[in-house]
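A.B. asks: prediction below, plus the sequence it came from.
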Amino acid sequence: MPMQALLFGLGLAALIAGAEAMVREASRLAASWGISPLVVGLTVVAFGTSAPEMAVSVGAVLSGSADLAIGNVVGSNIANTLLILGISALVAPLLVAEQIIRQEIPIWRSRRSSTTACRPIPASC
């Protein structure tokens, strides 16, 4: 038990140090290339949230479980999107520009009506 706690502590310290170094060097590289700090921050966050899924997917493919890799990718993307939107909506209302609503809702409605039109007709009709 003490050895596990020691290894956990060392792993946590290495994770924090590695994350700090990655962010610092990404910021330095972006500044030298003239890239916006916002773009760098979003890229670092995207990489940090996708790296665990990538590691699991690569491991699944190498062990011959391609279906696990596909399920991991699809499931993590759905969960990430819904959790981020849900938590954001709990913290503050999500404001959407009226132009986007006017532009996107008719497309959504037309897609919905086209999918309902493709439903099979019951034999009793």
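C.D. replies: Yep, that arrived. Bear in mind that the values here come from a model prediction, so they are computed numbers and not experimental data.

A.B. asks: name the helix or strand of this structure that has the lowest mean pLDDT.
C.D. replies: One helix or strand of the chain scores below all others by mean pLDDT, DSSP states H and E: helix 98-117, with a mean of 63.

A.B. asks: so how many other residues sit close to residue 12?
C.D. replies: 10 (other C-beta atoms under 10 Å). In short, each C-beta sits where N, CA and C put it, glycine included.

A.B. asks: in what helix or strand does it lie?
C.D. replies: With secondary structure defined by DSSP states H and E, residue 12 is part of helix 2-33.

A.B. asks: by contact count, what packs against that helix?
C.D. replies: helix 37-62 (3 or more C-beta pairs under 8 Å, 6 or more residues apart in numbering; DSSP states H and E).

A.B. asks: list the helices and strands the helix it packs on packs on?
C.D. replies: Partner elements for helix 37-62 (3+ C-beta pairs under 8 Å, 6+ apart): helix 2-33, helix 66-91.

A.B. asks: which among the ones you listed is found nearest to residue 48?
C.D. replies: helix 2-33 (7.3 Å; C-beta to C-beta).

A.B. asks: quick one on the thing from earlier: and the helix holding residue 12 with helix 37-62, angle?
C.D. replies: 130 degrees (axes from the mean of the first three to the mean of the last three C-alpha atoms, to 10 degrees).

A.B. asks: just the mean pLDDT for stretch 25-36, thanks.
C.D. replies: Stretch 25-36 carries an average pLDDT of 85.

A.B. asks: what comes into contact with that stretch?
C.D. replies: 37, 39, 40, 43, 44 (C-beta atoms under 8 Å, 6 or more residues apart in numbering).

A.B. asks: try stretch 65-83
C.D. replies: By C-beta under 8 Å, 6+ apart, stretch 65-83 touches 49, 53, 56, 57, 58, 60, 61.
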